[in-house]
Each structure stands twice: as structure tokens, then as C-alpha cells.
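Enquirer: structural data only, the sequence is not supplied:
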């Protein structure tokens, strides 16, 4: 089993910054990709940023130039540096990871989610 533990959310004024962290732990054979999604009240969950095992990032158009995703392979941790925050960035942010684990002599690849962390940007 794999656990994703997020931290770093909070309340910030518009124009401010926050840094989210997500650490993966458990019976990890390989982390294939990690990313951040967000869900605002009344809206669908959307991809914010993702990063492949090779380190290639991708971003939603709405956060390009403001957010930066990075990872520390040794710590199985992904980060989201959020700058120039706007009120419309207010949402619950969820960490996501595609992880391969060992199981009964083979491997299993599954999608895992963190519990979510609230980010609130005041105007």
C-alpha cells in the first residue's frame, strides 16, 4: 500500500506565495508520475501540474508562469511552488501519483491520491 501525505496549504493574500509538499511512502517499487490537482467548490477536479519520472513538467494554462512543480526522487516527494496567487486559485489541492508496487511476485501499477490540503487566497 502507498500513502501520500500533503502539507503546506493555508491562507494567503492575493499576490502571495505558498509551497505545497507531498511525500509518498509505502511499498514503492517505482513512481511513474506525480502531480497536483485542485477542486474548487462546485467545480470539477482539474489538473494543475504534473511531472514525469524523467522530470518533464506540464502545467495548466491558468498557472503557467506562476506555479512550478519539482520533485526529490530520494525523498519520493513532489513540490508545488505557487507564486502570484490569485483568488481564483482557491481550492482543495490534491496530490496524485502513479505508483508501481510489488505484489505476489509481480508488480501492480495504481493511481493514488492524497487527502487534500486547502489553499485559500484572499483578495
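Expert: Yep, it's here. As the structure is a computational prediction, the values presented were derived from the model and not from experiment.
Enquirer: can you list the weak-confidence ranges in this protein?
Expert: When residues are selected by pLDDT under 70, none of them lie in the chain.
Enquirer: same thing but at 90, please
Expert: In the predicted model of the chain, residues 1, 27, 102-105 satisfy pLDDT under 90.
Enquirer: just the strands in it please.
Expert: 2-7, 10-13, 18-26, 28-39, 46-52, 57-59, 67-72, 77-82, 91-103, 106-113, 117-122 (DSSP state E).
Enquirer: centre of the chain to the fifth one, how far?
Expert: Which is strand 46-52. 7 Å (CA atoms, centre = their mean, to the nearest Å).
Enquirer: list the contacts of the spatially most central residue of the chain.
Expert: Residue closest to the mean C-alpha point of the chain, counted by CA atoms, centre = their mean, is residue 36 at 2.7 Å. The neighbours of residue 36, taking CB atoms under 8 Å, 6 or more residues apart in numbering as the test, are 20, 22, 47-50, 69, 78, 80, 93-96. C-beta coordinates here come from the backbone N, C-alpha and C atoms, glycine included.
Enquirer: highest mean neighbour count out of the strands of the chain?
Expert: strand 77-82 (a mean of 22; mean count of other CB atoms under 10 Å).
Enquirer: partner residues bridging residue 91?
Expert: Beta bridges link residue 91 to residue 119, judged by DSSP bridges.
Enquirer: what's it in contact with, if anything?
Expert: Under the criterion of CB under 8 Å, 6+ apart, the contact partners of residue 91 comprise 38-40, 43, 119.
Enquirer: do you know how far it is from residue 7?
Expert: If you measure residue 91 against residue 7 using CB to CB, to the nearest Å, the figure is 16 Å.
Enquirer: could you do residue 35 as well?
Expert: The spacing between residue 35 and residue 7, counted by CB to CB, is 16 Å.
Enquirer: then residue 18?
Expert: With distances defined as CB to CB, the gap from residue 18 to residue 7 amounts to 11 Å.
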